[in-house]
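1. Here is a sequence with its predicted model. Questions after.
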Amino acid sequence: MADEVIKVKSSDIEKLIEWLRRGGQPQSLEEMSRRLVEIIREEATSKGR
Amino acid sequence: MTKTISKAIVADVGLVERTTAAMLKRATLLPIGAKVTAELGQLAAALGVEPASLDATLTADNRFQREERGGTVYFSTEKPGRTAPPVADWKPTHNFASRMSTTATDVSSEQRQEISEQYAARASANRAARLRAREDALRAEQESLRLATAAAAEMLAGQSQSSGMDDDLLGNDFYAPSASMETDAGDLTADSFIPTAAPPSLATRPVEQASPIEQVSPVEQASPVEQASPVEQASPVEQASPIEQATPVAPNPVVTAPVVPPTVPTAPVVPLVEVPPAPARNLTYLLDTTNGQQTLDFANSADDIFAQYGSEFTNLLRRSISDDFRFVSFAGQWYLEDMVERFSKGDLRKIKDYLAETNDALSDRAFLADLFGKRPEQGDYEVWRFSLNYRLLKEKKEFEFVGVADERLWLANGATLFPQKRKASELGQDYRFLEEPSLSGDGFNVVEEVGGKQRLCHTLTYYEYENGLIPYDEAAKQFFPGPVMDDQRAAVFRFESPQLYLSFLTELRFSSGNRGGYIVGLDEFYQNLVPGATFVLEATGRANVYTLTYERLKGSQEERLLQYDERRARYIFRPVVFNVQTDPAALITEAKYPRLESSHKLEEAERKKPELILANAFESIGETVERDGHSALMTLLDDLLPVVNIERPFSRAYLRALMSSSQYPAFSADSENEGVYYYNPGKK
């Protein structure tokens, strides 16, 4: 099976929103990207995307 | 005579009324009918009459009572007023009986007492009957249990008396509600809301403890039949409601059933089948990058992935959320729109007034501290800071952002920090060539790196000296931070000169469209320098603060330098003493350029044409030579550069490009000697 191309899904954005909301602080785009990598990786390793 | 008497009476009547009014003023807070007392002397003084006449008048009036205590005369009266008559024949029209029952008959208090006593007696009798019934039921239960225990013991002892026991056992229907229960139920419907206290010996005795079957019979406990018996599991003795618990419990009839060998359920034998291992999850994905699709393995840690593909994920995320209305951003920071603090129009007016009052560029931190009482120690400080900046950015008609990434400064829109000799648009046009990278380089700014810190070295030209500028060329773009916003016009910096104990604001006006950028506001600092001087700019720990230093010479130097005489409207050389480091090639001295003495400024229309400035410079400093059979003016590029920079800024690259351009054939470069240029006026 060919590898899947990574795209930012709406569920990823929802998790990012929840992370921002819990943090209660504005974040840089870099920090948010780092969190996005963690979110995508968690999902890929647990159940696949 | 009659008339005199009647006048006296009228006067007395008026005095009585005034006295009453004066006394009632003291009785404002007293109830109607209360006694109001006042001293005669005080009353007379208040009314302005003789005490004797007032005494006589009030004594004659039966509404006042005269008292004399300790030689002092007091008069008292009652506070008048209308009181409501007492109600003698009131009957309740909104009582319980009239609201709840239209057929209720009114009863006297004696009848009510009698009814209550009768009701209490009935309730007491009911309670006693119910207790008796409960006791009977429990007694019957005990008896039946005793019989059942005995029967079970006999049976287990091998005495086969099953027929008799069966009769005994089958004679009772243990699952049918008993008569006592029916009685209880009947009582409960009538009198169930009266709490009753059962005799302690009965009430505290648990029904399960009364059942000896499972407790006293070790054989039965060991019997797997009974343990597996579904009948016993469904036995109401253990699962019944409290009412059912009162039911007499007899020995379970299951004990009479023939003993069946226990059947231990065994699991069906399943042949062992080797479970195939789950296929390994594919953790490699493809990521779109600027270099095409790259394979990314999520088996690596998130940190490793981010270190390798951080910029790709940042771009991916930016594309995803830039149009998402739930996100808002300011200066590289992102937050949720619904969590941004709100500011009222009044808040914005306060900020505007503060800016107008100080006539300065102020930071967001100043607004938060001075206008909103926010301190960095507070947990929500960064949210407030972000929210304030985000809100001010939306008010483009009122406020202008002039900060850098972490130093967020604001100006009132249209405010002028630096009054200029030339319009900003003219300066931008003069520096237009800086927008062409090939022409911008090789200028007067040079970026050096000393001890890991960048510094910008600059050689001052006459044009910059006159206008207080530093060009925003390629080197300066490398040194200064770029605009934070796409449409940011300017950024305000603070330059500090420790040698001069000087600290002043400057404004970097970013290039836009066809206008070049420059830094303005150095006029005061330049008063300590001369055109051709060199100085150094260094960054500090704060993103918008820079240190300005220049090298001081040990001894003073005196030169006749070019200056513009406003009164005579021409350039002249004047002796100037200075002790700053200069670039000798950039100094415009009389010794080097004697023909510039008494030269005029170019007209504005001429100044806008670079070729005219060049031609004028050649005529001022060029040496007449023969070239290609024609008379031409020759000069070196290094000599030409300071002179053309009197009227208009030129970089070395720009100058070279102009003189090599086919658009201006009058200028040409010497093919054999680098840096030598000619101007042939006949080739215009």
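-> That came in fine, so what should we check first?

2. and stretch B:440-450, how far out from the chain's middle?
-> If you compare the mean C-alpha spot of stretch B:440-450 with that of the full chain, they lie 44 Å apart, counting by CA atoms, centre = their mean, to the nearest Å.

3. hmm, which helix or strand of chain A has the shakiest average pLDDT?
-> When the helices and strands of chain A are scored by mean pLDDT, DSSP states H and E, strand A:4-5 comes last with a mean of 84.

4. packing partners for that one?
-> Using 3 or more CB pairs under 8 Å, 6 or more residues apart in numbering or on different chains; DSSP states H and E as the contact test, the elements touching strand A:4-5 are strand B:284-289. C-betas here are computed from N, CA, C, even on glycine.

5. Any part of the strand it packs on near chain A?
-> Yes - residues of strand B:284-289 are located near chain A by CB under 8 Å from any CB of the partner chain, namely B:284-288.

6. Validate this expectation: residue B:33 resides in a strand.
-> No - when classified by DSSP: H, G, I helix; E, B strand; the rest coil, residue B:33 is found to be coil rather than part of a strand.

7. count of neighbours near it?
-> Residue B:33 has 10 neighbours, counted by other CB atoms under 10 Å in any protein chain shown.

8. Leaving out sequence neighbours, find the closest residue to it.
-> Closest residue to residue B:33 in three dimensions, ignoring its sequence neighbours and counting by CB to CB, 6 or more residues apart in numbering or on different chains: residue B:78, at 5.7 Å.

9. Okay, the one you found and chain A: tell me how far apart.
-> As judged by CB to the nearest CB, to the nearest Å, residue B:78 and chain A stand 72 Å apart.

10. which ones are touching residue B:457?
-> B:445-448, B:534-536 (CB atoms under 8 Å, 6 or more residues apart in numbering or on different chains).

11. How about the backbone phi and psi for it?
-> Backbone dihedrals for residue B:457, given as degrees, to the nearest 10, come out at phi -100, psi 130.

12. Skipping its backbone neighbours, what lies nearest it in space?
-> In space, residue B:457 is closest to residue B:446, 4.7 Å off (CB to CB, 6+ apart).

13. Three-state assignment for the residue most central in space within chain A, please.
-> Closest to where the C-alpha atoms of chain A average out (CA atoms, centre = their mean) is residue A:36, at 2.9 Å. At residue A:36, secondary structure determined by three-state DSSP is helix.

14. Would you agree it is in contact with residue A:9?
-> No - look at residue A:36 against residue A:9 with CB atoms under 8 Å: they stay out of range, at 10.6 Å.

15. one step back: go through the contacts of residue B:457 and name the one nearest chain A.
-> If you rank the contacts of residue B:457 by distance to chain A using CB to the nearest CB, residue B:447 comes first, at 25.8 Å.

16. And the closest one, its phi and psi?
-> Dihedral angles of residue B:447 (phi, psi; degrees, to the nearest 10) stand at phi -100, psi 130.

17. Can you name the residue of the stretch 501-650 of chain B nearest chain A?
-> With CB to the nearest CB as the measure, residue B:543 is the residue of the stretch 501-650 of chain B nearest to chain A, at 14.9 Å.

18. SS state for that residue?
-> Criterion first, three-state DSSP; result for residue B:543: coil.

19. could you dump the contacts of residue B:457 to CSV with pLDDT?
-> Supplementary listing: those in CSV, determined by pLDDT from 0 to 100:
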residue, pLDDT
B:445, 85
B:446, 88
B:447, 89
B:448, 88
B:534, 94
B:535, 95
B:536, 95
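
20. Out of the residues you listed, flag the one nearest to residue B:495.
-> residue B:535 (10.3 Å; CB to CB).

21. I'd like to know how many residues surround the closest one.
-> If you count neighbours by other CB under 10 Å, residue B:535 ends up with 23.

22. for it, helix, strand, or coil?
-> Under three-state DSSP, residue B:535 falls in the strand class.

23. any idea what sits nearest it, other than its immediate chain neighbours?
-> Closest residue in space to residue B:535, ignoring its immediate chain neighbours: residue B:550 at 3.9 Å, by CB to CB, 6+ apart.

24. In this structure that neighbour contacts residue B:499, no?
-> Yes - using CB under 8 Å, residue B:550 is in contact with residue B:499, at 7.0 Å.

25. Compare neighbour counts for the two and give me the winner.
-> Summary of the neighbour comparison: residue B:550 and residue B:499, criterion other CB under 10 Å, with residue B:550 having more neighbours (20 against 14).

26. how much space is there between that one and residue B:475?
-> Distance of residue B:550 to residue B:475, computed by CB to CB, to the nearest Å: 18 Å.

27. and what of residue B:396?
-> Computed as CB to CB, the residue B:396 to residue B:475 distance reads 31 Å.

28. between these two, who's got more neighbours?
-> Neighbours were counted for residue B:396 and for residue B:475 using other CB under 10 Å; residue B:475 has more, 21 against 11.

29. did I read that right, the more buried one in a strand?
-> No - following the definition three-state DSSP, residue B:475 is helix and is not counted among the residues of a strand.

30. If I look at it, what pLDDT would I see?
-> Among the per-residue scores, residue B:475 holds a pLDDT of 89.

31. swap in the one 4 residues further on?
-> In the prediction, the pLDDT value recorded for residue B:479 is 92.

32. which residues touch the residue nearest to it when sequence neighbours are not counted?
-> Of all residues not flanking residue B:479 in the chain, residue B:456 sits nearest, at 4.3 Å (CB to CB, 6+ apart). With contact taken as CB under 8 Å, 6+ apart, residue B:456 is in contact with B:445-448, B:475-476, B:479, B:536-538.
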